[in-house]
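Student: I would like to see how this sequence folds:
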Amino acid sequence: MKRLAKWFGLLGVLCFLLLAPMQAEAASVSILEHPTVAVVNFENHAITSSEWKDEDTSSILDYVSDELSNTHKFTMVERSRMKALFDEMHLQMTGMTDASTNAQIGKQLGAQYLVVGSVTGLTTRRSQASVVGAGQKKCRVTATIALRIVDVETGEIVLAARGVGTDTNKLTRAPFNIIRIGTDEVDKQQVVDALENAAEDAVEGDRGIVAHMEGRKARK
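Tutor: You can find the predicted model right below:
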């Protein structure tokens, strides 16, 4: 009887070890079930060129929200509801919040998942080519962002992705600078476009949120 009990005990442990990964996978793939999400936290951790200030990245919240909404795979919490809650809790939507605060925010918003992230890079690169006084100058802005989807109940990061977006200004010159078309100066619109492109890449790019979801669904 003792030997039999021992074998049953070993069998129970074996079943637990086999089923635990399946249960964990089942819990993590709940992100595939058209979840309700709120984009609540975006920080600026960017390695930046000297032209940029923190406020240049604030629009990324809207871009990520729009891209997630356009996939039709998520139910998005209205931004006005989130702002009202953050104001009530005396928090900044672009500031750091801990796991317990995230859980509280998610529950009050009725969200199953929170989308948090950061701008990790915002840089410029200049180049030029000229012949006999004519040529072209370029200024490219590159934005890099990181996204994480966090389970409100557990605090677990269930999906993560990165996105890169660029935008280029060009100045074309005729010989002797008789005609100058465009600009090689960095402007606000470049930042806007680069961040928007980075948000699109992080959500719907080859290694974005949607691609990870589809890959997980295929493995299931």
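
Student: For this structure, just list every one of the strands.
Tutor: All strands of the chain, identified by DSSP state E, fall at 36-48, 75-76, 113-131, 134-151, 157-173, 180-182.

Student: Gly208: neighbouring residues, count only.
Tutor: 21 (other Cβ atoms under 10 Å). To be clear about C-beta, it is placed using only N, CA and C from the backbone, and glycine gets the same treatment.

Student: Got phi/psi on Lys73?
Tutor: The phi and psi values for Lys73, taken as degrees, to the nearest 10, are phi -110, psi 0.

Student: could we number from 16 for the rest of this?
Tutor: Okay, residue one is now 16; in that scheme the one you just asked about reads as Lys88.

Student: my guess is it contacts His227, does it?
Tutor: No. The pair Lys88 / His227 is not scored as a contact, 11.6 Å apart, by Cβ atoms under 8 Å.

Student: list residues touching both of those two?
Tutor: Contact criterion Cβ atoms under 8 Å, 6 or more residues apart in numbering; residues shared by Lys88 and His227: none found.

Student: measure the closest residue to Gly121 other than its chain neighbours to Val131 for me?
Tutor: What sits nearest to Gly121 in space, not counting adjacent residues and going by Cβ to Cβ, 6 or more residues apart in numbering, is Val167, at 3.2 Å. Separation of Val167 from Val131 (Cβ to Cβ, to the nearest Å) stands at 11 Å.

Student: Overlap in contacts, those two.
Tutor: In contact with both Val167 and Val131: Asn117, using Cβ under 8 Å, 6+ apart.

Student: the more surrounded of these two?
Tutor: Taking other Cβ under 10 Å, Val167 and Val131 do not tie; Val167 has more neighbours (23 against 20).

Student: list the contacts for the more buried one?
Tutor: 117-118, 121-122, 126-129.

Student: Among those, the buried ones, what's the ChimeraX command?
Tutor: For the buried members of the contacts of Val167, the matching ChimeraX selection, counting by 16 or more other Cβ atoms under 10 Å, is:
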select :117,118,121,126,127,128,129
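
Student: which parts of stretch 206-221 are buried?
Tutor: The neighbour-count check on stretch 206-221 (16+ other Cβ under 10 Å) flags 206-220 as buried.

Student: My error: substitute stretch 164-182 in the last question.
Tutor: Applying 16+ other Cβ under 10 Å to stretch 164-182 flags 164-167, 173-174, 176-182 as buried.

Student: do stretch 223-233 as well
Tutor: Applying 16+ other Cβ under 10 Å to stretch 223-233 flags 223-225, 227-228, 231 as buried.

Student: Hmm, Thr72 is touching Ala61, no?
Tutor: Yes. Taking Cβ under 8 Å as the definition, Thr72 is a contact partner of Ala61 at 6.8 Å.

Student: what about the two, which has more around it?
Tutor: Each of Thr72 and Ala61 has its neighbours counted (other Cβ under 10 Å); Thr72 has more, 23 against 19.

Student: separation between the more buried one and His87?
Tutor: Note on Thr72: its distance to His87, by Cβ to Cβ, is 27 Å.
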